[in-house]
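> build the 3D model from these lines:
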Amino acid sequence: MIQVLDKLTVDQIAAGEVVERPLSIVKELVENAIDAGADAITVEVKGGGIDHIRVTDNGIGIEKNEIPTAFLRHATSKIIDAKDLLNLTSLGFRGEALSSIAAISKVELITRTHDSIVGTRYIIEGGEEVKTEEIGSPEGTTFIIRDVFYNTPARREFLKSKVTESNAISECMLTFSLSHPEIRFQFINDGKPKLKTAGDASLRTNIYYNFGSDLTKVLIPIEAGIDDIVLTGYIAKPEFSRGNRSYMHYFVNGRYIKNNTIHAAIMDAYRDYLMNHRFPFVTLMLSVKPELVDVNIHPTKKEIRFRDEKPVYELFYHSIKDALDRITLIPEETLGDDEDKTEPVIEKAPEPFEKVRYEREEETSDNRVREVLIEHEPAKVSFTQQRFDEEPDEIEEPSSFLSENLFRQEQTPSFRIIGQVFETYWLIEYKEELLIIDQHAAHEKVLYERVVKKMREKKGMSQPLLAPIVVSLSGKERTALLENSEAFLQIGFEWEEFGDREYLIKAVPADFLNLDAREIFIDILDSLMDGMKGKKPEMILDRLATISCKAAVKGNNTLSFSEVKTLISEMLSLEEPYHCPHGRPTTISLSKYEFEKRFKR
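Numbers count the residues shown, from 1 in each chain. Alright, predicted model coming up:
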């Protein structure tokens, strides 16, 4: 029997699409506060947000006569009709947040507009109005949410632990502090202050307070633009990486999102600098005309769609890759660190509802914060309105020795070989640095770059085999070989048909002569078959990186001084000599200054 569902059931079903957990409530209310023009927002939760959520802002407030309407489904002040969806500048727009929150919790609203003498207190529980009264309050809005999912216990049982839920909210507040550094944020969890920002519009300051001084010291600024899109923010040198994506934050028009195109561009740009299964730190802001992006494809606004993905990919990829290429990426080691690395202590936050809480609060950046930020101020890398097939403008020269590319300024870098330790690492004196070079990683990088360069320049160098090798290929393998014959030739393979299914390998890449020719040939063919529906060039490069590792001289192998000099000279002449193809460092450094400091000179 077909029947129409009652209003309560409909509201709870609709709420399930918007409110998945307490995090969803916090996100929606903070977005509303930002849209309301607030420059100070406090969030307080108890019991992971399941028991209690309070969000206070100093925005424009809600008119008394509009409060009941605000809790109706599809009631919003941010759009009028469907045409406005193509021109969105606000974070919220669906008009479902308040109705969904009210449907599954007990809500208390306290609000006052600038023109009102008194505020209004409004209570709604389970979608039903309970009380409306006048109350004294500061300008702005406070939402108090209690007993989330109290009337839908089955859904409450699916929530994670209170610790897990509060951690999710904490991460959400972190993203808000990064995307809107001009807003003063406070986050209090179970009575303990967890986040407090100055609202000074400095993204770098907020990165410091969220991630600490070690990261702040290796930040690289990004400022780039092409056509109607602009990219700003910070990335970190590859030496600061993590085993998951939790340090990757990117925003589109102030909205924290997930996007496969952007993620792919970032990872491709870092490909030569990070080890496998490592992820970089990025906090990047993309500004784009609203009509060029669709934010209305996901109920919780987690995903967006660009009208044209290609320029977005190119902007992220080239901005990051060019910035990494223009600096030295040698990790600088110390002989011990006597600096005070104590993270800033956040004092107890004032009550969010007090009107004077922001007027009297102390500055969040103490002298130590300022010292760290000034001492490690990175050079500005700017390609604003720059086409990436053009020569970029000159870049401001950084003051730190390790923030410029050491060797690119010299046609033939001069260095002195001191000797070898542990039969693997070579000590090199270069200017006022002691470089320590891993002979395996260095040789691996050289071999990889040789082959890649020949492949790109279509100048493969082959070594004929005295005894050609016969390989038998399946139908799919033969198809992959024929479709990618040019790539094989560029690498240095030569072959010919030798029967119905057999092929005769007559020559192999000269740089990989010491390896099993059949294994290399099949490995590359396998990578092409894996990438039949993906990015074939990247698959080939990944396989070449593995092959280079196999062919490179190993640690504990003896090399003469002349062999080492040739190897290091070739490595230092590369565009990016500081990491092997898998992202491991080829070189670390110790400065003369560090030696003198430790010897009290």
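
> quick one: Val252 from Glu165, how far?
Taking C-beta to C-beta, to the nearest Å as the measure, Val252 falls 26 Å from Glu165. Every residue, glycine included, has its C-beta placed from N, CA and C.

> next: Ser116.
Taken as C-beta to C-beta, the span from Ser116 to Glu165 is 35 Å.

> which one of the two is surrounded by more residues?
Set Ser116 next to Glu165 and count neighbours by other C-beta atoms under 10 Å: Glu165 wins out with 20 against 16.

> quick check: that one is in a helix.
Yes - Glu165: assigned to a helix according to DSSP: H, G, I helix; E, B strand; the rest coil.

> His440: what secondary structure?
His440 - assigned by three-state DSSP - is helix.

> would you quantify the distance from it to Val148?
Taken as C-beta to C-beta, the spacing of His440 relative to Val148 amounts to 55 Å.

> quick one: which of these two has more around it?
Set His440 next to Val148 and count neighbours by other C-beta under 10 Å: Val148 wins out with 26 against 20.

> residues touching that one, list them.
Val148 is in contact with Val19, Pro22, Ile25, Gly49, Ile50, Asp51, Ile53, Ile104, Ser105, Arg156, counting by C-beta atoms under 8 Å, 6 or more residues apart in numbering.

> identify the farthest-apart pair in these.
Spatial extent of these (C-beta to C-beta) is set by the pair Val19 and Asp51 at 15.5 Å.

> who has more neighbours, the two?
Between Val19 and Asp51, counted using other C-beta under 10 Å, the more crowded position is Val19 (27 against 15).

> quick revisit: drop anything exposed from the contacts of Val148.
By neighbour count, with 16 or more other C-beta atoms under 10 Å, the contacts of Val148 hold Val19, Pro22, Ile25, Gly49, Ile50, Ile53, Ile104, Ser105 as buried.

> I'd say the fifth one and Arg156 touch.
Think Ile50. Yes - the pair Ile50 / Arg156 is scored as a contact, 7.4 Å apart, by C-beta atoms under 8 Å.

> overlap of the contact sets of these two?
Joint contacts of Ile50 and Arg156 (C-beta under 8 Å, 6+ apart) are Val148, Phe149.

> quick one: secondary structure of Lys506?
Look at Lys506: counting by three-state DSSP, its state is strand.

> so what pLDDT did it get?
Here the pLDDT value assigned to Lys506 is 83.

> okay, now it: neighbour count?
For Lys506, the neighbour count with other C-beta under 10 Å is 16.

> what's near enough to touch it?
Shown in contact with Lys506 (C-beta under 8 Å, 6+ apart): Pro464, Leu465, Pro468, Glu494, Trp495, Glu496.

> most surrounded residue in these?
Trp495 (19 neighbours).

> please, which helix or strand holds that one?
Taking DSSP states H and E as the definition, Trp495 sits inside strand 494-497.

> start from the N-terminal end of the stretch 451-600 of the chain and give the helices.
Remark: helices assigned in the stretch 451-600 of the chain by DSSP state H, counting those that start in this stretch are 475-483, 485-491, 517-530, 536-551, 561-572, 592-598.

> which of these has the lowest average pLDDT?
Lowest mean pLDDT within the helices of the stretch 451-600 of the chain: helix 536-551, a mean of 61.

> could I get the buried ones among the contacts of Val148 as TSV with distance to Thr205?
Output for the buried ones among the contacts of Val148, formatted as TSV (distance: C-beta to C-beta, whole Å):
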residue	distance to Thr205
Val19	33
Pro22	28
Ile25	28
Gly49	27
Ile50	32
Ile53	27
Ile104	37
Ser105	35
